[in-house]
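Participant: Output the structure for:
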Amino acid sequence: MKLTKFLTSLPPCIFSVVCILAVLYLTLVPRPLPDMDIPLFPGADKVVHAIMMMGIMLCLSFDYMRKKRNPQKKAPLVILLLFLIATIAFGGAIELLQGLMAMGRGEDVYDFIADAAGAIIGFIITVVAWRRTLIWLQECN
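Facilitator: Coordinates of the predicted model:
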């Protein structure tokens with residue numbers, strides 16, 4: 001219960017800001033993590049892209065929920081669609097920046113497709129879990 005009270009007492013956009021900054025760091029800084037020589041399956045980087053954009057979509061939605069907290073309302077599809085479009089555009093902007101910056105990374109259309117897929121998955125999770133999450137937030141207070 002203390003954790004949920006702490007989570008609901010944070011500033012309204014904190015999760016989104018932290019998630020976006022983490023994604024920017026991981027995608028735009030050359031070699032942000034040390035090489036661990038862990039064998040990965042082909043396409044593992046696409047899964048990482050999808051997870052990052054899904055995380056951004058979920059954080060944007062959760063921050064919005066924490067601000068509104070009306071469990072009687074259905075998910076505001078227009079706002080969630082705006083979050084979805086913004087998240088997909090953010091993924092596209094990252095790919096363009098990677099192509100423009102001379103840092104050993106390049107733009108990849110498949111990374112962008114993975115970004116869009118992750119954002120769409122986050123959108124679907126948000127719509128499905130909307131009311132239940134709002135009820136949980138309401139019970140925290």
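
Participant: then the helix or strand containing Lys5 to PDB, C-alphas only?
Facilitator: Assigned by DSSP states H and E, Lys5 belongs to helix 2-9. Provided in PDB are the C-alpha atoms of helix 2-9 (Å, rounded to 0.1, in the frame of the first residue of the first chain):
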ATOM      1  CA  LYS A   2       2.900   2.400   0.700                       C
ATOM      2  CA  LEU A   3       4.300   1.800  -2.700                       C
ATOM      3  CA  THR A   4       1.000   2.600  -4.400                       C
ATOM      4  CA  LYS A   5       0.600   5.800  -2.400                       C
ATOM      5  CA  PHE A   6       4.100   6.800  -3.300                       C
ATOM      6  CA  LEU A   7       3.400   6.100  -7.000                       C
ATOM      7  CA  THR A   8       0.200   8.200  -7.000                       C
ATOM      8  CA  SER A   9       1.900  11.100  -5.200                       C
END
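
Participant: starting at the chain centroid, how far to that helix?
Facilitator: Offset of helix 2-9 from its chain centre (CA atoms, centre = their mean, to the nearest Å): 20 Å.

Participant: in what helix or strand does Phe112 lie?
Facilitator: With DSSP H and E as the test, Phe112 turns up in helix 109-139.
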